[in-house]
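> Fold the stuff below for me.
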Amino acid sequence: MKNGLLLFLALALITACATQEICNNDNQSELVARFKTEGELGTVDTTLAAVSVHGIRPGLPDSLIYLNEPLSSMVLPLNPNGDFSIFVIEVDGLSDTLRINHRTEYYLISYTCGFAALFTLETLEHTSRMIRDTRIIQAEIDAELEQNEEHIWIYF
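Next comes the predicted model:
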């Protein structure tokens with residue numbers, strides 16, 4: 001009986017440690033935006049030389065996400081406390097504002113890890129100094145970001 005109890009406690013301890021390691025992974029749901037241009041060959045990926053991006057949340061200071069970086073895509077944190085997220089994208093002295101309207105739901109990862117946000121993109125709005133168009137490619141954004149995942153395309 002004692003050996004069975006010790007075995008049970010050892011398995012419980014091993015399981016708890018394994019669960020804690022999984023929880024150390026990032027469980028943030030982030031949007032991936034790919035930059036595109038329209039050319040003679042159709043829609044192609046593009047890289048912009050010096051991109052700066054600020055996140056805007058009402059009542060909070062702006063957050064700098066990228067500063068003068070060459071980018072062909074960007075990863076953006078969405079606002080988990082509202083139904084929209086706003087970003088200012090600046091390239092070569094020109095800037096546009098991108099508003100992403102979304103629904104937010106929460107789901108339980110596990111008892112020890114807590115909850116993660118599941119965003120569903122609804123609409124995209126933008127100013128048009130540089131941005132020509134936007135398109136939703138994958139509407140659901142989950143914490144389990146896959147390697148080649150793209151959620152929106154931004155046309156320049």
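> pretty sure residue 155 is touching residue 128, no?
No: in this structure, residue 155 is not within contact of residue 128 by Cβ atoms under 8 Å, at 10.5 Å. Quick note: C-beta positions are derived from backbone N, CA and C, even for glycine.
> quick one, which of the two is more surrounded?
Taking neighbours as other Cβ atoms under 10 Å, residue 155 and residue 128 compare with residue 155 leading, 16 against 8.
> Next up, the contacts around that one.
36-38, 43, 131-135 (Cβ atoms under 8 Å, 6 or more residues apart in numbering).
> same question, residue 87
Here residue 87 is in contact with 53-56, 65, 76, 97-98, 100 (criterion: Cβ under 8 Å, 6+ apart).
> likewise residue 122?
Residue 122 makes contact with 101-103, 139 under the criterion Cβ under 8 Å, 6+ apart.
> Of those residues, keep whichever come out buried.
Burial by neighbour count, judged by 16 or more other Cβ atoms under 10 Å, picks out residue 102 from these.
> Can you tell me which of the contacts of residue 122 end up in helices?
Counting by DSSP state H, no part of those is found in helices.
> Thanks a lot, catch you later.
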